[in-house]
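Asker: Need coordinates for the following:
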Amino acid sequence: MEHEVFVPVPVERLGEALADPARVARAIPGFQQDAGKEPVAGRLKVRIGGHTITYRGALRVTGDGDGPYTLEGEATEARGTGTVKLSLAVRLRTAPDGTTVAFTAAATADGRIAELPGDTVTAAAARLLGRFAQRLGEGEATAASPKSAEQRAEPPAPSVFETEVPPSSLDPFADEDDSARGSDADRRSDRRAARGFADEDQPPAEAAHARRTMIGRSAEEVDHAPPRGRYAPVPAPETVASTATLRWAAPAAALLVASAIVAGRLLRRRR
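Answerer: Residues are numbered from 1 along each chain as shown. You can find the predicted model right below:
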């Protein structure tokens with residue numbers, strides 16, 4: 001099988017990528033590297049027609065910048081007994097604005113892949129080689145671009161956990177901070193007035209201070225603060241029955257005591 005792909009990358013840079021097994025492993029579509037093993041050893045998932053086959057094996061890369069590159073590999077089905085042996089020769093030819101990558105492949109296989117139609121297998125292999133060449137070229141183009149170097153030199157973006165948290169309204173030093181912020185607000189108001197916005201309705205200083213205090217509170221303080229206004233809780237009605245009873249019971253008792261005293265004195269006089 002022979003197949004050619006155009007890659008918009010110079011021949012020299014593409015040759016350097018092919019000579020590095022680690023870059024070759026990163027460019028293979030569907031390849032998962034095994035930790036602690038050779039650079040091109042692991043699992044390869046291939047989709048042929050409506051079937052997906054996973055192989056486990058290794059690939060050896062030989063060649064230098066002057067001659068063709070050779071990729072030889074052996075793999076076994078992860079769920080089965082089928083095997084595949086591959087020999088792939090890669091040649092690089094200079095083309096306008098890039099490189100033409102020519103593949104010459106020879107393979108022997110048995111198992112599930114041998115049961116599929118030959119045209120379907122050939123189309124899947126051509127698609128895999130095309131994606132491999134494009135990904136190899138994209139990696140080199142990204143590494144060669146000046147923007148990538150600038151991005152690597154830029155410091156990392158600050159984390160969410162490094163964002164400054166406003167102080168709580170319960171902090172004893174919050175009044176000093178609020179007064180400082182209030183002075184800044186007054187200066188901004190004066191500047192707006194100088195630009196001709198003095199006639200606009202501006203909130204009073206007390207409202208601005210209350211708004212800043214409310215924003216500076218934590219979520220726990222706001223949740224536990226009692227509601228105000230129309231949403232304030234209605235107090236329970238006071239019981240006035242006992243108070244009304246005492247109001248008339250006390251004079252009646254005093255009248256009875258006074259009547260008993262007067263009656264006692266009258267009885268003593270008669271005797």
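
Asker: ok, and L266, which helix or strand is that part of?
Answerer: helix 241-270 (DSSP states H and E).

Asker: Distance check, L116 against A19.
Answerer: 33 Å (C-beta to C-beta, to the nearest Å). Any C-beta I mention is one placed from the backbone N, CA and C, and that applies to glycine too.

Asker: can you give me the strands in the stretch 1-150 of the chain?
Answerer: 2-7, 31-33, 41-48, 51-62, 69-77, 83-95, 98-109 (DSSP state E, counting those that start in this stretch).

Asker: JSON lines please, covering those strands and showing distance to A123, mean neighbour count and mean pLDDT.
Answerer: Rendered in JSON lines, the data for those read as follows (distance: least, C-beta to C-beta, whole Å; neighbours: other C-beta atoms under 10 Å; pLDDT from 0 to 100):
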{"stretch": "strand 2-7", "distance to A123": "11", "mean neighbour count": "17", "mean pLDDT": "92"}
{"stretch": "strand 31-33", "distance to A123": "20", "mean neighbour count": "16", "mean pLDDT": "89"}
{"stretch": "strand 41-48", "distance to A123": "8", "mean neighbour count": "17", "mean pLDDT": "91"}
{"stretch": "strand 51-62", "distance to A123": "13", "mean neighbour count": "17", "mean pLDDT": "91"}
{"stretch": "strand 69-77", "distance to A123": "20", "mean neighbour count": "17", "mean pLDDT": "92"}
{"stretch": "strand 83-95", "distance to A123": "17", "mean neighbour count": "16", "mean pLDDT": "91"}
{"stretch": "strand 98-109", "distance to A123": "13", "mean neighbour count": "17", "mean pLDDT": "91"}
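
Asker: Next, format the ones you listed as JSON lines and append distance to F132.
Answerer: Output for these, formatted as JSON lines (distance: least, C-beta to C-beta, whole Å):
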{"stretch": "strand 2-7", "distance to F132": "8"}
{"stretch": "strand 31-33", "distance to F132": "9"}
{"stretch": "strand 41-48", "distance to F132": "11"}
{"stretch": "strand 51-62", "distance to F132": "11"}
{"stretch": "strand 69-77", "distance to F132": "10"}
{"stretch": "strand 83-95", "distance to F132": "10"}
{"stretch": "strand 98-109", "distance to F132": "9"}
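
Asker: Give me the pLDDT for A141.
Answerer: Per-residue pLDDT puts A141 at 61.

Asker: Can you find the helix or strand of the protein with the lowest average pLDDT?
Answerer: helix 146-153 (a mean of 49; mean pLDDT, DSSP states H and E).

Asker: Got the phi and psi for R230?
Answerer: Torsion angles at R230 (phi, psi; degrees, to the nearest 10) stand at phi -70, psi -20.

Asker: what sits against it?
Answerer: R230 sits next to no residue when contact means C-beta atoms under 8 Å, 6 or more residues apart in numbering.

Asker: distance of it from A133?
Answerer: Distance from R230 to A133, by C-beta to C-beta: 70 Å.

Asker: and the closest residue to A133 other than its chain neighbours, bridged to which residues?
Answerer: Nearest non-adjacent residue to A133, counting by C-beta to C-beta, 6 or more residues apart in numbering: V5, 4.1 Å away. Counting by DSSP bridges, V5 is bridged to V101.
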